[in-house]
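*Asks:* sequence first, then the predicted structure:
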Amino acid sequence: DALSRCCSNTSAEAQERCAEETSETESAVVKFFEKRFAYFILAHRIKIIVIFAGISAYMFSRLPLLEAEKEEPQMLPTEHPINQYMDVMSNKFLRGGGLFNTQVELIFGFDKVPIDSE
C-alpha cells in the first residue's frame, strides 16, 4: 500500500524517493536481471543473434544424419517375468474378437514362492 501510494505521486522529487524506496526492497536477483543482464543483452544483441543463427544452422545441417531406431527399446531384460509374459501372450494366445477371454494373473516377487499365489 505504501509503495502504491508513494509511486502514485507524479512530482519528480516523489518519483526519486519512490525509486530509492523500491530499490531498497528489491532482491539481488531482480537487481541483477534488471540492471546488468538486460543491459548486457541490449549491448550485444547482434552478436547474440549471430551466434544463435550459427548454432541453429549447424544443428539443422546435422538433421539428415539422424536415423530412426530400428528396434523397440528394451526397458527390461529379456528374462524378466513381465517380458516373458508379454511374449507368451502375444505369440501363444489369440487376442481380440474371441468369444472367450483369458484371465491371467501375473504374480512375481523376490521369493521363490510368492505370498499371494492362492
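*Replies:* Done, it's in.
*Asks:* how about the secondary structure of residue 79?
*Replies:* With DSSP: H, G, I helix; E, B strand; the rest coil as the basis, the three-state label of residue 79 is coil.
*Asks:* and it, how far is that from residue 71?
*Replies:* Noted for residue 79: a distance of 17 Å to residue 71, by Cβ to Cβ, to the nearest Å. Glycine gets a C-beta too; all of them are placed from N, C-alpha and C.
*Asks:* for the chain, which spans come out with low pLDDT?
*Replies:* Applying pLDDT under 70 to the chain flags residues 1-11, 14-15, 18-25, 93-118.
*Asks:* what are the boundaries of the helices in it?
*Replies:* Taking DSSP state H as the test, the helices found in the chain are 2-8, 12-25, 28-31, 38-43, 45-61, 81-92.
*Asks:* can you put those in JSON lines and add distance to residue 75?
*Replies:* Listed next are these as JSON lines, based on distance: least, Cβ to Cβ, whole Å:
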{"stretch": "helix 2-8", "distance to residue 75": "55"}
{"stretch": "helix 12-25", "distance to residue 75": "52"}
{"stretch": "helix 28-31", "distance to residue 75": "41"}
{"stretch": "helix 38-43", "distance to residue 75": "43"}
{"stretch": "helix 45-61", "distance to residue 75": "29"}
{"stretch": "helix 81-92", "distance to residue 75": "8"}
